[in-house]
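Visitor: Generate coordinates for the sequence data below:
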Amino acid sequence: MANLSPYTLVISNCLDGLSKENDDSFLDEKQKMQLMINMLQGRMLEHIKQRVSKYYNIKPSDLSEEFSVSLIEVFAEIFGLFRHKFEEMPSLVNKIAKRIVEVEKKDDSKTEGRINQLYLSIFCKYFEYKNIEKIISTLQSDTRIQQAIGKAIPSSSSFEKSYLNRAIHSR
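Guide: Purely as a prediction, here's the structure:
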């Protein structure tokens, strides 16, 4: 894939570093695992941000820092579950990381669909978050997230902005 995420690049580098026996990196194995967990979480948030951007036809870079902070807060519970699951099954970190790198490095016309399916399966299969609609409805009902999306929508999209404003103020 031409535009590989910086998170995916770090995950790939961590995997490479963990697989080398005489790695002269300044990070020990536990630090690399923590870094990889943080990068997995960051990549998942980045993926959601990309999906939201695509849905509203805006550039991910147009979404404010407020959007990102709100997204982190919305996903705090899920990421707490991630960390607990990783503590129970440390091999899961490598398994998920390898799968992300494998899918995202594939360069073909179906890559976006595969990536979308991958993250859906990660939430459902590994973290027992079967109700993906709950995530979506949380994103749609969080006022801060909706306001950040509304601010990012270009002014030429006045219909979408007015729809968002009505949705936000009707709560």
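Visitor: Point out where this structure drops to low pLDDT.
Guide: 1-2, 20-27, 127-134, 136, 155-171 (pLDDT under 70).
Visitor: So which residue is smack in the middle of it?
Guide: M44 (1.7 Å; C-alpha atoms, centre = their mean).
Visitor: contacting residues around the residue nearest to that residue when sequence neighbours are not counted?
Guide: Nearest residue to M44, sequence neighbours excluded (C-beta to C-beta, 6 or more residues apart in numbering): Y119, at 6.3 Å. Just so you know, the C-beta spots here come from the backbone N, C-alpha and C atoms, and that holds for glycine as well. Taking C-beta atoms under 8 Å, 6 or more residues apart in numbering, we find Y119 in contact with M44, H47, I48.
Visitor: Just the element for the residue nearest to the centre of the chain, please.
Guide: Element membership of M44, judged by DSSP states H and E, is helix 29-56.
Visitor: and the helix or strand following that helix, which residues are buried?
Guide: Downstream of helix 29-56, the next assigned helix or strand under DSSP H and E is helix 65-74. Going by neighbour count (16 or more other C-beta atoms under 10 Å), the buried part of helix 65-74 is F67, S68, S70, L71, V74.
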